[in-house]
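Asker: Only the shape, not the letters, is given here:
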């Protein structure tokens, strides 16, 4: 399933529960691996990955969610979350 399309982004930004679940299922594993590579601690990587998706939900609720690429948005937030953690 191609999750990077305007319909998915629109549904995500309307807090569609099914779309939120699809985004989480599609991107959590790679965001977790990225963060694990940066922090080298599994428990911390799990916590920070969850924080990234919590930030996604908070930003979507505030009307400031991804506009063009969900994946790029998540990686940017993941990177910034790791930097803030260190």
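Answerer: Received the coordinates, thanks. Note that the structure is a prediction, hence the values are computed from the model and not measured.
Asker: CA only for contacts and neighbour counts going forward, please
Answerer: OK.
Asker: contacting residues for the nearest residue to residue 60 once chain neighbours are set aside?
Answerer: Nearest non-adjacent residue to residue 60, counting by CA to CA, 6 or more residues apart in numbering: residue 13, 5.4 Å away. By CA atoms under 8 Å, 6 or more residues apart in numbering, residue 13 lies in contact with 60, 61, 63, 65, 66.
Asker: can I get those in TSV with distance to residue 44, neighbour count and secondary structure?
Answerer: Output for the contacts of residue 13, formatted as TSV (distance: CA to CA, whole Å; neighbours: other CA atoms under 10 Å; DSSP: H, G, I helix; E, B strand; the rest coil):
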residue	distance to residue 44	neighbour count	secondary structure
60	24	16	helix
61	26	14	helix
63	28	11	coil
65	24	22	coil
66	25	18	coil
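Asker: Can you give me the pLDDT of the residue nearest to residue 60?
Answerer: pLDDT, residue 13: 89.
Asker: Not counting sequence-adjacent ones, nearest residue to residue 11?
Answerer: That would be residue 19: by CA to CA, 6+ apart, it lies 6.4 Å from residue 11.
Asker: quick one: the residue nearest the centre of the chain from residue 6, how far?
Answerer: Centroid-nearest residue in the chain: residue 74, 3.9 Å away (criterion: CA atoms, centre = their mean). Using CA to CA, to the nearest Å, one gets 16 Å for the distance from residue 74 to residue 6.
Asker: which of the residues in the helix ranked longest in the chain are buried?
Answerer: In the chain, assigned by DSSP state H, the helix with the most residues is helix 17-39. Under the neighbour-count criterion of 16 or more other CA atoms under 10 Å, helix 17-39 has 19, 20, 23, 27, 28, 31, 32, 33, 34, 35, 36, 39 buried.
Asker: what separates that helix from the chain centre, distance-wise?
Answerer: Relative to its chain's centre, helix 17-39 lies at 6 Å (CA atoms, centre = their mean, to the nearest Å).
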